[in-house]
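*Asks:* Show me the folded form of this:
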Amino acid sequence: MTGAGRARRNAPPREEVLAAAMDMIAERGLEKLTMAGLGRDVGMSSGHLLYYFRSKDELLLRTLEWSEGRLGAERGRLLARPVSARERLSAYVDLYVPDGHRDPHWTLWLEVWNRSQNADEDARARQAAIEGAWHRDLVALIAEGISRGEFRRVDADRFATRLRALLDGFSIHVAIGLRGTDREQVLAHVREFIEEGLALTP
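*Replies:* Predicted coordinates:
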């Protein structure tokens, strides 16, 4: 058993299920994630899973929240490093953009977004909370760069909104494998946008 597998087996039941769901998405794709298959993987019945999660929609959202919790911790470590705001902004972008086609975290995000059309207010609020954490960190980082004289003076919230919209659009292209749009091309476009928007005037 791999280290990840051992860690999963030692986790609390609900966390074990979420880790297993993420593993299944990474290894087999979202279309292969079923309650029955997940139950077999963690040694639980479909009924037991439904007791925990009520529906597949809830399972997917919980799995996303779990995955985002891990990303949030990594983002926090990156943004706390004693380097320039510019370097930390580059690290933020690098963490945001998918690793490539069928990136499991982004595959899950796209499915949750798709299902959110019929989601209840609680689910929508939880999605908004995830988005809000990324946004607040970005606004704070841009504001810090401005205060340190690394970035030109802009409305940090407005710029962060536009940057995240750009990141989301390009990230979808990478995650679905849109021809002619790979990760390196996306990072180059984003770097250019940041340079044009935040570079100090000579």
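*Asks:* List the contacts of stretch 16-34.
*Replies:* Stretch 16-34 is contacted from outside by 4, 7-9, 11, 37-38, 41-42, 44, 49, 52-53, 59-60, 62-63, 66-67, 102, 104-105, 107-108, 111, using Cβ atoms under 8 Å, 6 or more residues apart in numbering. Every residue, glycine included, has its C-beta placed from N, CA and C.
*Asks:* average model confidence for that stretch?
*Replies:* The average pLDDT within stretch 16-34 is 85.
*Asks:* What values do phi and psi take at A80?
*Replies:* Here is the backbone geometry of A80 (degrees, to the nearest 10): phi -90, psi 0.
*Asks:* now the helices: where do they sit in this structure?
*Replies:* 3-9, 13-28, 35-42, 46-53, 56-79, 85-96, 104-115, 121-147, 156-176, 183-198 (DSSP state H).
*Asks:* need those in TSV with mean neighbour count, can you?
*Replies:* Formatted as TSV, the helices of the chain follow (neighbours: other Cβ atoms under 10 Å):
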stretch	mean neighbour count
helix 3-9	12
helix 13-28	19
helix 35-42	16
helix 46-53	15
helix 56-79	17
helix 85-96	18
helix 104-115	18
helix 121-147	16
helix 156-176	17
helix 183-198	15
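*Asks:* Can you pull out the low-pLDDT segments for the protein?
*Replies:* 1-12, 202 (pLDDT under 70).
*Asks:* and with 50 instead?
*Replies:* Counting by pLDDT under 50, the low-confidence segments of the chain come to 1-12.
*Asks:* Quick check: the gap between the residue lying closest to S84 once chain neighbours are set aside and G132.
*Replies:* Of all residues not flanking S84 in the chain, E150 sits nearest, at 6.0 Å (Cβ to Cβ, 6 or more residues apart in numbering). Using Cβ to Cβ, to the nearest Å, E150 is found at 25 Å from G132.
*Asks:* Got phi/psi on V83?
*Replies:* According to degrees, to the nearest 10, V83 has phi -130, psi 180.
*Asks:* Give me the neighbour count for it.
*Replies:* Counted with other Cβ atoms under 10 Å, residues neighbouring V83 total 12.
*Asks:* Start at 70, not 1
*Replies:* Yes, from this point I'll number from 70; that puts the last item at V152.
*Asks:* what residues are up against it?
*Replies:* Contacts of V152 (Cβ under 8 Å, 6+ apart): none.
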